[in-house]
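Q: Make a model of this:
(2 chains, ligands or ions: 1)
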Amino acid sequence: MTNVIPDDFGYGEEQAMLRREARKVLEGASTTAAVRGWMETPAGFDEGMWRTAAEAGWLGLAVPAEHGGSGLGAVSLAVLMEEMGRALLPLPFFGALFTTLVLNEAGSDAQKAQWLPDLAEGKLFGAVGTEERAGGWDHAHVEDSARREGDGILLSGQKDLVVDAPSANLVIATFREEAGPSLFAVEARSPGVTLLPDELVDATRRSGAVQFGGVRVGEEARIGAPGAALSILGRVMPRIWAALAAEMVGGADRLLSMTVEYAKIRQQFGRAIGAFQAVKHPLVDVLARVEMTRSLVYRAAAAIDHAPAEGERLARMAKAIASDTYALAAAKAVQLHGGIGFTWECDVQLYFKRAQWSRAAFGDAAHHRRRIAEMVIGG
Amino acid sequence: MAQHDETPDKRRLREEARAFFQDNRPADPGFKLPQTFLEVESERQFLWLKEWQRRVHDAGLLGVEWPEAYGGRGMPPGSQRVVAEEMSRAGVPFIVNRIGLDWAGPTILAEGTEEQKKRYLRNILACEEVWCQGFSEPGAGSDLASLRTTAVRRGDHYVINGHKVWTTQAMWADWMILLARTDAAAPKHVGISYFLFPMKSQGVSVRPLVKMTGEGGFNQVLFEDVEIPASSLLGKEGEGWRLAVMTLAFERGAQEGSATGGILSDAVRVGRIVELAREARRDGRPASEDPWVRDKIAELAIEEEALLASALRMKVPGLVEERPMAIPFMGKLVGSELSQRLAALAQEVEGPAAQYAFGAERAIEGGHYQRAYMNSFGFTIGGGTSEIQRNLIGERILGLPRST
Ligand SMILES: Cc1cc2nc3c(=O)[nH]c(=O)nc-3n(C[C@H](O)[C@H](O)[C@H](O)COP(=O)(O)OP(=O)(O)OC[C@H]3O[C@@H](n4cnc5c(N)ncnc54)[C@H](O)[C@@H]3O)c2cc1C
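A: Numbers count the residues shown, from 1 in each chain, chains lettered A, B, ... in the order given. The predicted structure is shown next:
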């Protein structure tokens, strides 16, 4: 591992190929018509598409080669996420990714061998719960408890808004022990685990509250050392923020293209509305935000791969700016589409809602700016 | 700014530049220096800055991308930016002959005859000759092509008559890149020609204008039957518009080739505002503890980082293939507006002290940010206003129909 961020962002032929492949597959399959169909189903995604994602190697992208994946880094992940975001792909990918990253970071050899190959192949669906109602996005706020009882451990509490929990058969979550918060992996069907599915603003996503009613596990369920959850998550979260930010850039960019195309064809007052500066200038502002955001996302990803000391600051910056950019692109898209933009029928609304969900997921802009201020100013 | 993984040549250049600026930081001149090249108003400021530029050029750190034959070093694109980053890091004064280095020079390099290149380029780098830009007129600003200054051919001379305005550094300049109409009958974009105009000619008068900061720096220039040799023409007669567009692209940073390589004004950077926030007081405590101040600083820190990341990303073809020219076209728009917001924020961080005029005894940092805020409008208006930039980007990059 070097300690400089490469000038070329570590973006090479491998990433370019991944992008071409992903775009080809997704443009064909994940059309907005298909997305609308999938989002109406109970599971919220298409099994065929999941298999396609597994076969294309996307599910194994973050899984190390010795466990059946390709072990590519954060830049490759950003490429894939950006394309998924562009196509609005509904898949329980995020939960699987989160699970993979936690296991990579802190799983024992046995845990990795047990779960990573299945994650890469798409046989295992994962989800990670880190947030409780009272804690906002603060991972340190853990009331859920892990209590010793005899030769076992009893897990009690509830995690909220656990992404992809409804499809998960493995759930990882934080529980407070004497040494501090620890991570435990639990089979979703274990007795005492209850899933309460959420109704989300973004119908292409699924999440749920996961209740742990005194779930009994053994020592082998703990991931990492007792009390190590925060330091593990500290290393994993930059990858999650950068990945989500990349997905958001893809969506924002797609919204921009849709709106630009519309502004070229929609005629009012005898000319295309895009000729009016009141339409043109906001579109240029969206363009500027999208391009700046994209630069920062790739810089953050490159830092995670090559200069991890810079990773957290840049990834938080990327998630913060992406939250604002996607929201801006979505608001302008609806506004500039006029009446049609306000309808269910217009595809813009699908992205609009994805933007709403995304900005509130894993820390909104203000939350990350608060942490960035600590890094930049101190105190 | 983080260190990048760069070619050995660029790394050596970086080390060379870093060492030079460390060891050769000029002593405090004992009088106030301007914040940017647009505000050089007194002769002693000008002569001091001229000497500084000469030293940087003597050290081989200007025009590093220009051919050796014209005083440069023939290094690959992106090299000058390495020097610029080191200048910025060292916090040394700016380079004064900016119009020569960044707009006139690259245009001459691209379109001049061998003789013209030999004649002008080296002197630009060494600051032997200073340049100004005579494009704008009282009736032709954003609508530059409607300019009315005339150049009439008489034998082997042209005779110039007309009136330019907002001409930065005209009072120091030895040469001007001048746009004038050579064919009044032709359509407005076709009848224009581009001249390398000697300022010390008979019939030229330069009248200083005062800026809202109270500083000097730009002028009106009047031409009364000024005779210049026909060899002053750059390119061919009637080609002036095409060359002007090229110059403007250099000016707006949309094209590599600049001899100074700057990205963002050093007068207002987030790092400096953080220092300011620690000093300034709000409710009796350091402003740096105020949640609103912290949020705004973080917001602009993110944007500054994004702008710097964009300057790097635009050189990676695979990451800009959808809109290859978007970032270069947006550089001036985004950079100038960010500088403006940074200067505005700095004043808010100052609190009540933002009321002091720049130069006032009790002002924080001599009222640096009050002045910087005012000066920031020079960049959102000069070189094509932000509104015109938005039109251009909307049309060229997004492919939207023309506004007018
Ligand atoms: C500090 C400074 C230094 C300068 N230095 C030089 C120099 O060295 N050489 C030189 O030649 N010039 C120089 N200029 C001139 C500069 O290029 C012009 O000021 C600029 O092009 C704007 O022209 P204008 O001032 O006539 O404004 P106008 O064109 O009259 O514009 C007035 C307002 O109307 C808006 N506007 C105009 N047309 C449109 C449109 N089509 N759509 C939307 N909005 C529009 C503008 O954006 C602006 O807000 C300098 C200007 C400044 C401020």
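
Q: Output stretch B:31-50 in PDB with nothing but the alpha carbons.
A: Provided in PDB are the C-alpha atoms of stretch B:31-50 (Å, rounded to 0.1, in the frame of the first residue of the first chain):
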ATOM      1  CA  PHE B  31       4.700  48.900   1.100                       C
ATOM      2  CA  LYS B  32       1.400  47.300   0.300                       C
ATOM      3  CA  LEU B  33       1.400  44.800  -2.500                       C
ATOM      4  CA  PRO B  34      -1.700  44.300  -4.600                       C
ATOM      5  CA  GLN B  35      -3.800  41.100  -4.200                       C
ATOM      6  CA  THR B  36      -3.800  40.100  -7.900                       C
ATOM      7  CA  PHE B  37      -2.300  41.300 -11.100                       C
ATOM      8  CA  LEU B  38      -5.500  43.200 -11.900                       C
ATOM      9  CA  GLU B  39      -4.800  45.800  -9.100                       C
ATOM     10  CA  VAL B  40      -1.200  46.800  -9.700                       C
ATOM     11  CA  GLU B  41      -1.500  50.600  -9.400                       C
ATOM     12  CA  SER B  42       1.700  52.200  -8.400                       C
ATOM     13  CA  GLU B  43       5.100  52.300 -10.200                       C
ATOM     14  CA  ARG B  44       6.900  50.900  -7.200                       C
ATOM     15  CA  GLN B  45       4.500  48.000  -7.000                       C
ATOM     16  CA  PHE B  46       5.000  47.400 -10.700                       C
ATOM     17  CA  LEU B  47       8.800  47.600 -10.700                       C
ATOM     18  CA  TRP B  48       9.000  45.400  -7.600                       C
ATOM     19  CA  LEU B  49       6.800  42.700  -9.200                       C
ATOM     20  CA  LYS B  50       8.600  42.900 -12.400                       C
END
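
Q: Now do it, average pLDDT.
A: In this model, stretch B:31-50 has a mean pLDDT of 92.

Q: which outside residues touch that stretch?
A: Stretch B:31-50 is touched from outside by B:29, B:93-99, B:127, B:130, B:168-169, B:172, B:211, B:213, B:215-218, B:265, B:267, B:359, B:366, B:368, B:371-372, B:375, B:378, B:382, with contacts defined as CB atoms under 8 Å, 6 or more residues apart in numbering or on different chains. Bear in mind the C-beta positions are built from the backbone N, C-alpha and C, glycine included.

Q: So which of those belong to helices?
A: Cross-referencing the contacts of stretch B:31-50 against helices under DSSP state H gives B:R98, B:H368, B:R371, B:A372, B:N375, B:G378.

Q: Would you check which of the contacts of stretch B:31-50 are in contact with the ligand?
A: The residues of the contacts of stretch B:31-50 that also fall near the ligand, by CB under 6 Å from any ligand atom, are B:T168, B:F218, B:G378, B:G382.

Q: now those residues as CSV including pLDDT?
A: Formatted as CSV, those follow (pLDDT from 0 to 100):
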residue, pLDDT
B:T168, 95
B:F218, 94
B:G378, 91
B:G382, 91
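
Q: And the nearest residue to B:G203 once chain neighbours are set aside, how close does it get to B:A244?
A: Take B:G203 and drop its neighbours on the chain: the residue closest to it by CB to CB, 6 or more residues apart in numbering or on different chains is B:V226, 3.9 Å away. Going from B:V226 to B:A244 by CB to CB, to the nearest Å gives 20 Å.

Q: For B:H157, give me its contacts.
A: Counting by CB under 8 Å, 6+ apart, B:H157 touches B:E227, B:I228, B:P229, B:A230.

Q: since we're on B:A180, how many residues are nearby?
A: 24 (other CB atoms under 10 Å in any protein chain shown).

Q: my read: it touches B:I160, true?
A: Yes - in this structure, B:A180 is within contact of B:I160 by CB atoms under 8 Å, at 6.0 Å.

Q: any shared contact partners between these two?
A: Joint contacts of B:A180 and B:I160 (CB under 8 Å, 6+ apart) are B:T149, B:T150, B:A151, B:F195.

Q: Perfect, that will be all.
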